[in-house]
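Q: just to be clear, the model below is a prediction. Sequence and coordinates:
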Amino acid sequence: MKTIIGYFLFVFSFVAWAAIALIPFSDLSIAMASAITTGLIIAGEIAFYVSIVLLGKEFLIKIKNYFKNINLIKKIKKLKIK
């Protein structure tokens, strides 16, 4: 059950950040849009950190390794012309 909640929170954290991109297209006032944006940022960050705590160190290592493998700087250095 702990892992299911952890995965749900992990996905929710990215959905919250993606929802921020949709806010400018809504008919909200600037004050309301900024309040919702702030709430989504805070909720997304909290959900991410709680998911990492629930899923454990192994999951965090998998995420770090994934992003190390797609490191763009290394790919750009390989493509540099000498």
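A: Everything's here; your move. Residues are numbered from 1 along each chain as shown.
Q: burial check on L55, number of neighbours?
A: When neighbours are counted by other CB atoms under 10 Å, L55 registers 19. Using the backbone N, CA and C atoms, a C-beta is placed for each residue, glycine as well.
Q: okay, now K77: neighbour count?
A: K77: 9 neighbours (other CB under 10 Å).
Q: and it, what does it touch?
A: Taking CB atoms under 8 Å, 6 or more residues apart in numbering, we find K77 in contact with no residue.
Q: what mean pLDDT does the host helix or strand of W17 have?
A: Here W17, judged by DSSP states H and E, is contained in helix 2-20. Averaging pLDDT along helix 2-20 gives 93.
Q: and stretch 27-35, by the same measure?
A: On average, stretch 27-35 scores 93.
Q: make 24 the first number, not 1, from now on.
A: Renumbered: residue one is now 24, and that last one reads stretch 50-58.
Q: so what touches that stretch?
A: Outside stretch 50-58, the residues touching it (CB under 8 Å, 6+ apart) are 46-47, 49, 59.
Q: distance check, the residue nearest in space to the middle of the chain against G79.
A: For the chain, the residue sitting closest to the mean C-alpha position, by CA atoms, centre = their mean, is F37 at 4.1 Å. Distance, F37 to G79, using CB to CB, to the nearest Å: 19 Å.
Q: ditto for M24
A: In terms of CB to CB, M24 sits 14 Å off from G79.
Q: higher neighbour count, these two?
A: G79 (12 against 6).
Q: what about the helices in the protein?
A: 25-43, 53-78, 80-92, 95-102 (DSSP state H).
Q: circling back to that earlier point, which of the residues in the helix holding W40 are buried?
A: Of the residues in helix 25-43, 29, 32-33, 35-36, 39-40, 43 count as buried by neighbour count, 16 or more other CB atoms under 10 Å.
Q: for K91, state which of these is nearest.
A: F33 (18.5 Å; CB to CB).
Q: could you find the closest non-adjacent residue to the closest one?
A: Nearest residue to F33 in three dimensions, chain neighbours excluded: S74, at 3.9 Å (CB to CB, 6 or more residues apart in numbering).
Q: for that neighbour, grab the count of nearby residues.
A: Using other CB under 10 Å: S74 sits among 21 other residues.
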